[in-house]
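# mind looking at a prediction? Sequence and model below.
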Amino acid sequence: MNPAAPKPRSGEGGRTAALFAACVLFFWMFLAADPFERAGAVAYAALWRHGMAGNSPLYMPGFFAVAAAAWWWSGAKRLSNVLIEGSVAGIAACAVAMALAPWPSLRAVVHATYTLATWAVFVVCCRRALARRAWRPLWPVPAMTVGLVAIRTWTLDDVQSLWIERLMNGNPAAIVSTAAIPILVIAMLRTELISSTRRAAAHAPCAPGGRHKSESRLPSGQSR
């Protein structure tokens, strides 16, 4: 007897809605900082978009939100669906954020879009690489990262240095944000582990009589 086909994932609408909301937050953090950058306060604008200008209790809230939502949303999706659905969610989120932000420049929109795409691709590729136990799904990441470094003038090194300095000084936001990293990573890894176990169980070969092999080993008179 052939194994049963895997059932469609439940909560697809919720996953997509979470991704959309996370992308709106990400875009808004970037686009709302654009007036500061156009006024010449480049460093302050960079701090603002990363939640480090006193405007957020968590550093880089958009990055945290997109990482969690993209990881949850992308599991077991076909690559074509990831590209199409992700693009639609990103475009819609950008439109909403542009309506909320005060007239962002085209440059800000392009930078925000490319930064979001690079981060989301990294997260999704990491999950696909973990699921397949292979490095190959990570191939787009290096090229996109090089492109991101080329278009960003106030980059990750500056953010990291200030983050570490504030952490050493006992800044509450820095402490909370640092603690959030391993918590999120552990939650993401656990999610993939559970999903991998379920996929393996769904595709397990059946023993004679239509039962899975694990069921056929149970003592007589017992069932799962």
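Received the coordinates, thanks.
# what about the strands in this structure?
Secondary structure of the chain by DSSP state E: the strands cover 206-207, 211-212.
# report the distance from the lengthiest helix in the chain to the chain centre.
Longest helix in the chain by number of residues, with DSSP state H as the criterion: helix 172-202. Centre-to-centre, helix 172-202 and its host chain are 11 Å apart (C-alpha atoms, centre = their mean, to the nearest Å).
# quick one: list the elements packing against it.
helix 61-74, helix 106-132, helix 156-168 (3 or more C-beta pairs under 8 Å, 6 or more residues apart in numbering; DSSP states H and E). C-beta coordinates here come from the backbone N, C-alpha and C atoms, glycine included.
# just flag whichever of those helices has the lowest average confidence.
The weakest mean pLDDT among those belongs to helix 156-168, with a mean of 88.
# what about that one, distance to the chain center?
That offset, for helix 156-168, works out to 22 Å (C-alpha atoms, centre = their mean).
# make residue 1 into 656 and carry on from there
Taking 656 as the first residue, the last one we looked at is helix 811-823.
# helices or strands up against it?
helix 697-704, helix 827-857.
# just want the most central residue of this protein.
Central residue of the chain (C-alpha atoms, centre = their mean): residue 722, 2.2 Å from the mean position.
# relative to residue 829, how far out is that residue?
18 Å (C-beta to C-beta, to the nearest Å).
# contacts only, for residue 833.
Contacts for residue 833 (C-beta atoms under 8 Å, 6 or more residues apart in numbering) come out as 818, 822.
# could you give me the buried positions within stretch 713-732?
714-732 (16 or more other C-beta atoms under 10 Å).
# okay, now the unreliable bits of this structure?
Residues of the chain meeting the criterion pLDDT under 70: 656-665, 808-811, 858-879.
# most tightly packed of the helices and strands packed on helix 827-857?
helix 716-729 (a mean of 22; mean count of other C-beta atoms under 10 Å).
# so what's the gap between that one and the chain middle?
Per C-alpha atoms, centre = their mean, the centroid offset for helix 716-729 relative to its chain is 3 Å.
# cool, and stretch 720-731?
That offset, for stretch 720-731, works out to 5 Å (C-alpha atoms, centre = their mean).
# just stretch 707-724 next, same as before
The answer for stretch 707-724 is 12 Å, by C-alpha atoms, centre = their mean.
# swap in stretch 784-796?
The answer for stretch 784-796 is 15 Å, by C-alpha atoms, centre = their mean.
# repeat for stretch 671-686
11 Å.
# again with stretch 773-791
Distance, centroid of stretch 773-791 to centroid of chain: 11 Å (C-alpha atoms, centre = their mean).
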